[in-house]
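>>> sharing a sequence plus its predicted fold:
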Amino acid sequence: MTHPALSPELVRDAYALSVEADELIGACVRDRLSLRAVMARFLPALEGWLGAKGALVTTRNEQLVDETFTWGQWRVLGGADLHDAPDRLVVDGSGTSLWRALRVAGADVGRIALLLDGDRSHDAARVHALLDAAVRELDVVLATTQTAAHKQRVIVEVEELLTDPVFDRGVDRAVAALHRAIRVPDVALCYRDEVERGGFRYRVYHDGELRFASDGPAPRHDTLAAALAGGGDSVVTPDSKLLRLATGLPNGVETVLSTGMMRAHWLGKVVCSAGDHGFSAFALDVVEVMCEAISQRLVDFNRERRHLAQFFSGRTITELLQDPGYEKRYLSPREHTIAVLYADINSFTKISEQVLEHPPAIATFVDDWSAGTVGLLWKHGGVFDKMVGDCVIGLFGPPFFRDTPEQRAVAAMAAAREILAFTVDMEKRAPYDRIPRSGIVPGLGVAIGVNLCPMSVGLMGPNQDYTGFSSGMNNTARLQSLAGFRETLAMDTAVDAIERAGAAAELGVTFGEPQETAVKNVKHPLRYRRVTFAG
C-alpha cells in the first residue's frame, strides 16, 4: 500500500514504535515462544502503539495450518477469514476498522485487522505508518515460524518416503521431494553392496529424476562404474574425492553415510550439487536429515539383504526387495514340485583327519568348496537350503516358481555337472593338490543326488530359514549317500522330467539302467539311475 510522504515527526514516532516492537519480538524469540504466545504479547501492545481496541490476525502456524489469533473487541471486525479482505480503512459506528496484508519475502502469508477508537480517517497516514512499523517486526517471527514449519514438513516428508519397504523406490521419491523443496540439481548416492563382496550400488539423479543406476531401471553410469571398479572401498572413505569426480560434481556437498556407532562402518556417500550460489542453512539441514535417514534405512536394508543372502543369489534378492509384500507372496510356506540336489565331498573325514589335519586348513577347505558350490547353485537359478556337515543342499523352483518341473530338473542336473567339474578342478590348485598326492584318497570328488518331488518350502522355524520338508527330501539324502566317488545318481522322477524336456543331449548326460535299493524306514525302494556326464 502506498502512503504519502511522512513528516519528520511521524518518522520519529514510527521509528520509536519500531524499536519497542523489536524489543518485544526479540524477547519472544529469546524465550522461544510459540506463535500463539507471541501473538498474546504482540496484539495487546497495539493498544498503546496505535490506540487499538481489538485485533485479529489470520496466518499460518507452526504446522503451516491457517490459525486465527484475536484480542479485545475483535468480533466487530467481521469474522475470522481475512484472506480475501483488501488493504483498507473503514469508519462506522464502532470506530475505525483497518485491514492490512501480512507479507514475507513478497508472499502473502495472512491478514491483520485492527479496531481503533473513533474516526481515524483524517489520520490515515499516521495509522498506516505506525502499523507498518509494528508489522515489519512481526514479519520476522512469521518468516522464522513458517520457514521452520516448511523445513520440518519437508524433513517429515523425506523421512516418511524413505520408510518405503522398497529401498530404491523410497530413495527415488525422497530425492524428488528434496528437489521440489530446495531445487537440488544433482544428487548421487553410492553405497556398499553387503551381499556382493567388494561391490557397490549407485543411483544418480538430475532435477529430481533418476538418470543412472547400477542395476536398472536407468542406464549404467560408465564413468562411475569404472571408478568404483578401480577404487574399491576408497569411494566411501571421508577424504576420498572419487564419487565427486566420477559424477562430475567436484564442488558438490558430500556426506558420508555410516552406522553412527563409535566404530563407524562406512556404508556409502551422498553428493549433492549446490548450484552457483551454494546451499542455504535451510537446504543444508534438509540434506543432512535426508542423509541420516538414508544411513538408517541402509542399516535395515542391508540387514534384510544379509538374511536373504543365506539362501538366494544377489539377483534374486534384488527382485524380491522390489516387492514390499515379498515375504507373504513368495517366501511363506507352500507346496510345489521341486528339484533337489545334495552334494557331499567324497571321503571328507579322511581328507580332514589324514591330509589337511589342522582345523584352520579344514575350515578354509570347506569354505572354499561350499562358496563355489553355492555359487553354482545360484548360477542355475537354485536356492541354497542349508549345509549339513560338508553336504550342500540346493532347491530348484523357489522362490518365484515361474518354470516347469521339467525345467527345474534340468537346472538341477546342469548344476550337478558344474559342481562335479568345479570339485575335480580344486585338486589341481594349491593347497588342495596335496589331496591326490597323499595316496590316502584317490582324489577330490563329490557324491551327488538329484530328485524331483513334492515339497513344502518356505521360511520356517525360529530363525526363519528358507528350507523344505517332505519324504522326497529325505529320500534325496539317502540317494546321495549311495553315490560313490565322483558319482551322480538321479531319481527316476528327475530322469523322466529331463527326458520329457528333451534336454539330455544338451546337458551332455546319459542315464544308466534303472536300479532299486531298499533303504531303512522307507516303505518303497529308491528307484534311480546312474548319471554319466560327457567329456
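Thanks, I have it.
>>> buried sites along the lengthiest strand in the chain?
Using DSSP state E, we find that the single longest strand of the chain is strand 446-460. Under the neighbour-count criterion of 16 or more other Cβ atoms under 10 Å, strand 446-460 has 446-455, 457-460 buried. For the C-beta atoms, the positions are set from N, CA and C on the backbone; glycine is no exception.
>>> quick check, central residue of the chain?
Phe167 (2.7 Å; Cα atoms, centre = their mean).
>>> quick one: that one from Val441, how far?
Applying Cβ to Cβ, to the nearest Å, the value for Phe167 to Val441 is 47 Å.
>>> and for Arg153, the neighbour number?
When neighbours are counted by other Cβ atoms under 10 Å, Arg153 registers 13.
>>> please apply the same query to Pro436.
17.
>>> ok, the closest residue to it other than its chain neighbours - contacts?
In space, and not counting its chain neighbours, Pro436 is closest to Gly443: 4.2 Å by Cβ to Cβ, 6 or more residues apart in numbering. Gly443 makes contact with Val424, Glu427, Ile435, Pro436, Phe485, Arg486, according to Cβ atoms under 8 Å, 6 or more residues apart in numbering.
>>> now list the buried members of those.
Burial by neighbour count, 16+ other Cβ under 10 Å: within these this picks out Glu427, Ile435, Pro436, Arg486.
>>> in helices, which of those fall?
Ile435, Pro436 (DSSP state H).
>>> circling back to that earlier point, quick check, nearest of the contacts of Gly443 to Gly468?
Set against Gly468, the nearest of these by Cβ to Cβ is Arg486 (26.3 Å).
>>> pLDDT wise, what is the closest one at?
Model confidence at Arg486, given as pLDDT, is 96.
>>> so where's the protein shaky on pLDDT?
Applying pLDDT under 70 to the chain flags the ranges 1-5, 78-87, 105, 197-198, 260-264, 276-277.
>>> scan it for its longest helix.
Criterion DSSP H: the longest helix present in the chain is helix 124-161.
>>> what packs against that one?
Under the contact criterion of 3 or more Cβ pairs under 8 Å, 6 or more residues apart in numbering; DSSP states H and E, helix 124-161 touches helix 8-30, helix 35-50, strand 52-60, strand 88-92, strand 95-104, strand 107-116, helix 167-182, helix 281-308.
>>> got a markdown table for the ones you listed, with distance to Glu513 too?
Formatted as a markdown table, the helices and strands packed on helix 124-161 follow (distance: least, Cβ to Cβ, whole Å):
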| stretch | distance to Glu513 |
| --- | --- |
| helix 8-30 | 93 |
| helix 35-50 | 90 |
| strand 52-60 | 86 |
| strand 88-92 | 105 |
| strand 95-104 | 90 |
| strand 107-116 | 88 |
| helix 167-182 | 53 |
| helix 281-308 | 42 |
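>>> out of those, deepest packed?
strand 52-60 (a mean of 23; mean count of other Cβ atoms under 10 Å).
>>> what's it packed up against?
helix 35-50, strand 66-72, strand 95-104, strand 107-116, helix 124-161.
>>> in a markdown table, list those along with distance to Cys190.
Shown next, in a markdown table, are the helices and strands packed on strand 52-60 (distance: least, Cβ to Cβ, whole Å):
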| stretch | distance to Cys190 |
| --- | --- |
| helix 35-50 | 41 |
| strand 66-72 | 43 |
| strand 95-104 | 38 |
| strand 107-116 | 38 |
| helix 124-161 | 19 |
